[in-house]
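Q: Let me see the structure of the following:
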Amino acid sequence: MQIKCVEKFKFERSCMVEREIDWQEAFEIWVNEGFAAVFERCYHEGIHFTELYREVMDGGKGDPLS
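A: The predicted model follows:
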């Protein structure tokens, strides 16, 4: 699931910087900007991709009861 998140992130970041970023750069940014750590905190079995990606992009600040 993390690969799918990085793929979406790669696309969105490429649009933001108006150039294609490669997988290596996408993974480096994903880790260096803390998204991998947030993914680790937010991921659980059964979570839908859309919900997980939104949580990661929000920095894991979703509903604390979930």
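Q: What residues of the longest helix that the chain contains count as buried?
A: If you go by DSSP state H, the chain has its longest helix at helix 2-17. Buried residues in helix 2-17, defined by neighbour count with 16 or more other C-beta atoms under 10 Å: 5-6, 9-10, 13. All C-beta atoms are positioned from the backbone trio N, CA, C, and that covers glycine.
Q: elements contacting it?
A: Packing partners of helix 2-17 (3 or more C-beta pairs under 8 Å, 6 or more residues apart in numbering; DSSP states H and E): helix 23-32, helix 35-42, helix 49-57.
Q: List of residues touching the longest one?
A: To tie it back to what came earlier, the one meant is helix 23-32. The contact list for helix 23-32 (C-beta atoms under 8 Å, 6 or more residues apart in numbering) reads 5-6, 9-10, 13, 21, 35-36.
Q: Can you point out the buried residues in it?
A: Within helix 23-32, the residues scored as buried using 16+ other C-beta under 10 Å are 26-27, 30.
Q: Then the second one?
A: Judged by neighbour count (16+ other C-beta under 10 Å), helix 35-42 contains these buried residues: 35, 38-39, 42.
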